[in-house]
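A.B. asks: got a predicted model here, sequence first, then my questions.
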Amino acid sequence: MALPDCLQPKLFTLVLVTDGRRVLLGKKKRGFGEGYFNGFGGKVEAGETIRDAASRELLEEAGIAADSLTHRGTLTFLFDDRPQPWEVHVFHSDSYTGMPTESEEMAPQWFDYDSIPYQQMWADDVFWYPLLLKGSACFRGTFHFVNTHTLVKRDLSEVPCLDGVDYKLC
Ligand SMILES: CNc1ncnc2c1ncn2[C@@H]1O[C@H](COP(=O)(O)OP(=O)(O)OP(=O)(O)O)[C@@H](O)[C@H]1O
């Protein structure tokens, strides 16, 4: 696919909620990644900050409000069949208010850390989830996909955390 001269990555959020031994995932009921288990998130909308977008998507998709969101990672996804790179900002929350509730987009379910259904998830997840779940490390990764779903190249490293990172989509 021919690339334009200049392009901006498309901004997304992804929130993982944990309770100390389990992580809350949702089975995507429609749209991109349908059938996969994933954290909760979506596109950052014009005028909102990535942190606001993360909170909004968590409430819309899982029915809960994060008490605090820690920015833990930045992932870039490159697809041979999509024109734009995706930049996904990953947040963690270990405390929330409300009851996880099924939405039109996601069906929430808790998984023990040692029973995460990686076979039914995006192929990058198995590499970076352990970094998020094992402690407080922050990470930066780039993952190349062909035919949307096949992971062919990856690069992942721990980086200093950007405490309080937040910016707005122009
Ligand atoms: C390729 N490897 C990947 N690995 C892990 N997670 C991935 C991912 N690729 C996309 N994601 C996440 O999937 C959600 C899609 O969001 P998506 O449903 O398209 O957005 P949004 O809710 O705004 O869409 P609607 O237009 O309302 O349907 C969003 O959290 C995004 O971070």
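C.D. replies: Sure, I can see it. Residues are numbered from 1 along each chain as shown.

A.B. asks: am I right that Pro9 is in contact with Val88?
C.D. replies: No. Taking Cβ atoms under 8 Å as the definition, Pro9 is not a contact partner of Val88, at 9.3 Å. Just so you know, the C-beta spots here come from the backbone N, C-alpha and C atoms, and that holds for glycine as well.

A.B. asks: between those two, which has more neighbouring residues?
C.D. replies: Taking neighbours as other Cβ atoms under 10 Å, Pro9 and Val88 compare with Val88 leading, 22 against 13.

A.B. asks: residues in contact with the more buried one?
C.D. replies: Contacts for Val88 were tallied using Cβ atoms under 8 Å, 6 or more residues apart in numbering; they are Phe12, Thr13, Leu14, Gly41, Thr74, Leu75, Thr76, Phe77.

A.B. asks: how far away is the first one from Val44?
C.D. replies: Okay, so that is Phe12. Phe12 is 7 Å from Val44, where distance means Cβ to Cβ, to the nearest Å.

A.B. asks: those two - which one has more neighbours?
C.D. replies: Shown here are Phe12 and Val44; by other Cβ under 10 Å, Val44 has more neighbours (25 against 21).

A.B. asks: these two touch, right, that one and Cys170?
C.D. replies: No. Between Val44 and Cys170 there is no contact under Cβ under 8 Å: 10.7 Å.

A.B. asks: just the helices in the chain please.
C.D. replies: With DSSP state H, the ranges of helices along the chain come out as 50-62, 125-134.

A.B. asks: between these, which one is closest to Arg30.
C.D. replies: Arg30 sits nearest to helix 50-62 of all the helices of the chain, at 11.2 Å, using Cβ to Cβ.

A.B. asks: average pLDDT for that closest one?
C.D. replies: Computed over helix 50-62, the mean pLDDT rounds to 97.
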